[in-house]
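>>> Okay, predicted coordinates and the sequence, questions at the end:
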Amino acid sequence: MLWLETQLAVTRPGDPALAERERAFPVLRASSEDLVRELTEMRQARATRRAQSGDSGARMGPDPRTRNPDASDRRAFRLLGPQLQQATLVRAVEAEDQLAEVMADFWFNHFNVYQNKGLDRALLPAYVEKTIRPRSLGRFEDLLIATAKSPAMLFYLDNVQSVAPGATPPQLERLERLRGRAARVRPGGPQRMDSLRQAIERRRPTGLNENYARELLELHTLGVDGGYTQQDVTEVARVFTGWGVGAPRDGGTARFQYHEWAHDRGGKTVLGSAFPPGGEEEEGVRLLRLLAGHPSTIHFVSGKLCARLVSDVPPDGCVDAAVAAWRRSDGNIREILRAIVRSPEFWSSGAMGTKVKTPVEFVVSAMRAVGGVPDSTPRLAMQLVGLGQPLYLQSAPMGYPETQEDWVNSGALLARMNFAMALASGRLPGVTLDLDGLISADLDRESLIETVDRVILNGRMRPSTRAVIAKELADITDPMQARALVVGLAIGGPEFQKQ
């Protein structure tokens, strides 16, 4: 278990050898405050241009003499998403800390946020880099609290819109005071303030939003069969009223902020636990800790970890080992992983080589198998669009699925074969490949197939696959073409699709 202990000794994902590669991705160093400010300014500029152009300008199109001066800035901003996707793949392909990268991917999928929802375009990089990755091998409770306070999550699941019914934002209270003064000093002033009040009223949240509360219980902690009720969902939503972000000015939307005015201070009961009247922000933290240690959470999340690492239907023994480790260690993810890998079920014949790789796992393992080197452009990341799993673009809160039935169909397998053939032949955009140091092109056909089986498939090639490859090789005379064909068919074949 030396490999496992070495992998678990990592404090957080981030291979020192990758530091040079990571410098090619500015998004990894970008400030959320700066990104939010930039996105806000671009939206304001676009709105101003539309207002100035009028209907005639819209019909006739933009005047080339007044082409948008910030077009290059907008394009650079749009590229930040693909940059983050490519950086994630580069790390997964080249990092020595493989388990840490796997867990960073697992936890992001568990606490999924959709990159293209509003301000999450600007907030997602920090969510990945500062919320998920540093805690992916830590304690589940810490990770749960960090995601709950993340601006990206608060926006994605609309908790920024959740306030106690009847709560009045401070802006409206200040406006009422100013209106009273204006009425005494300047007749007609209140009418102008009324229009401002109407604008604020149109934008302000007006009551509970249960989206985060529901997904917190169903997806992040207890699971759909975790024993909660709709009343619990409503009570949880009340607990988290006021959990939001700072004011938009000066990039404040990039920071968590508790709004006292929006919080429901009434008494609440969640899963039989009482939250007395008068509670503030701390009752949200208390609830998260309660959920993190709840038996349903421990069993549900342990099952998901076993499903990711062992088989689609997690073996009871594996789940039991994970649950026991969770309870012993107070949710220490390292200890849970150690228990899973050491469980007999992890090494059983029923689990080894049976779980189908997701598209991300397929691409990363194919690149690692042949020594492919991705460049810093998003071209490799774009391959995942055709394979059905573009990174950070799952709009549904449950994240991407894990099971074979979601990824195995004729179209998906054809896409994987096309990817494999392009990779093996050196025609995959954005990837450098040198097969000479891995597999000689001067081997006879039988030796070539044997070598590819050993190097790429670890000796798992089936007789039926071997026969298909031999048949396809029959008319190939060019040794380089023959090698590319055998490697491509091996990567695209059935054996390589399994973990």
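Great, that's in hand.
>>> CA-only coordinates of stretch 267-285 in CSV, if you can.
Taking C-alpha atoms only, stretch 267-285 is exported to CSV below (Å, rounded to 0.1, in the frame of the first residue of the first chain):
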residue,chain,number,x,y,z
GLY,A,267,-37.7,29.4,16.0
LYS,A,268,-37.1,26.4,13.6
THR,A,269,-37.0,22.7,13.8
VAL,A,270,-35.0,20.6,11.4
LEU,A,271,-34.9,16.8,11.6
GLY,A,272,-36.2,17.0,15.1
SER,A,273,-33.5,19.4,16.3
ALA,A,274,-34.7,22.8,17.7
PHE,A,275,-33.2,26.1,16.6
PRO,A,276,-34.4,28.6,19.2
PRO,A,277,-35.7,32.1,18.2
GLY,A,278,-33.2,34.8,17.8
GLY,A,279,-30.5,32.8,16.0
GLU,A,280,-28.2,34.5,13.5
GLU,A,281,-25.5,33.2,11.1
GLU,A,282,-24.3,30.7,13.6
GLU,A,283,-27.4,28.5,13.3
GLY,A,284,-26.6,27.9,9.7
VAL,A,285,-23.1,26.6,10.7
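>>> Now that stretch: average pLDDT?
Model confidence over stretch 267-285 averages 97 on the pLDDT scale.
>>> Can you give me the buried ones in it?
Along stretch 267-285, the positions that meet the burial threshold by neighbour count (16 or more other Cβ atoms under 10 Å) are Lys268, Val270, Leu271, Phe275, Gly279, Glu281, Glu283, Gly284. Every C-beta, even on glycine, is put in place using the N, C-alpha and C of the backbone.
>>> Identify, from those, the entry nearest to Glu129.
Nearest to Glu129 among the buried residues of stretch 267-285, counting by Cβ to Cβ, is Gly284 at 23.9 Å.
>>> Show residues contacting the host helix or strand of the closest one.
Using DSSP states H and E, Gly284 falls within helix 281-292. Contacts of helix 281-292 from elsewhere in the structure, counted by Cβ atoms under 8 Å, 6 or more residues apart in numbering, are 140-141, 144-145, 148, 216-217, 220-222, 236, 239-240, 242-243, 258, 263, 268, 270-271, 273, 275, 297, 331.
>>> buried subset of these?
Neighbour counting by 16+ other Cβ under 10 Å classes 140-141, 144-145, 148, 216-217, 220-222, 236, 239-240, 242-243, 263, 268, 270-271, 275, 297, 331 among those as buried.
>>> hang on, the earlier thing: following the chain past the helix holding Gly284, name the next helix or strand.
For helix 281-292, the succeeding helix or strand toward the C-terminus, using DSSP H and E, is helix 295-309.
>>> Taking helix 281-292 as reference, get the angle to that following helix.
Counting by axes from the mean of the first three to the mean of the last three Cα atoms, to 10 degrees, helix 295-309 lies at 60 degrees to helix 281-292.
>>> contacting residues around helix 295-309?
Counting contacts by Cβ under 8 Å, 6+ apart, the residues outside helix 295-309 that touch it are 102, 106, 110, 140, 221-223, 225-227, 291, 313-315, 318-319, 322-323, 326-327, 331, 336-337, 340-341, 345-346, 402-403.
>>> Buried ones among these?
102, 106, 110, 140, 221-223, 226, 291, 314-315, 318-319, 322-323, 326, 331, 336-337, 340-341, 345-346, 402.
>>> Please enumerate residues in contact with stretch 371-382?
Outside stretch 371-382, the residues that reach it (Cβ under 8 Å, 6+ apart) are 21, 24-25, 79, 82-83, 85-86, 88-90, 93-94, 363, 366-367, 390-391, 423, 428-435, 437-438.
>>> What are the buried residues along that stretch?
Result for stretch 371-382 [16+ other Cβ under 10 Å]: buried residues Gly372, Pro374, Ser376, Pro378, Leu380, Ala381.
>>> How confident was the prediction at the fourth one?
Looking back up the chat, that one is Pro378. Confidence at Pro378, expressed as pLDDT, is 96.
>>> How about the second one?
Per-residue pLDDT puts Pro374 at 97.
>>> which stretches of the stretch 1-150 of the chain form helices?
Secondary structure of the stretch 1-150 of the chain (DSSP state H, counting those that start in this stretch): helices located at 2-8, 19-22, 32-60, 71-78, 80-94, 98-110, 120-126, 140-148.
>>> average pLDDT across stretch 2-20?
Stretch 2-20 shows a mean pLDDT of 83 in the predicted model.
>>> Show me which positions of that stretch end up buried.
Buried positions in stretch 2-20, judged by neighbour count with 16+ other Cβ under 10 Å: Gln7, Leu8, Val10, Pro13, Gly14, Asp15, Leu18.
>>> what are the phi and psi values for Ile491?
When read as degrees, to the nearest 10, the backbone of Ile491 gives phi -70, psi -40.
>>> Against Gln98, how distant is it?
Ile491 sits 19 Å away from Gln98 when distances are taken as Cβ to Cβ, to the nearest Å.
>>> Next: Leu337.
Shown here: Leu337 relative to Gln98, a distance of 12 Å by Cβ to Cβ.
>>> What of Val233?
The gap separating Val233 from Gln98 is 38 Å, by Cβ to Cβ.
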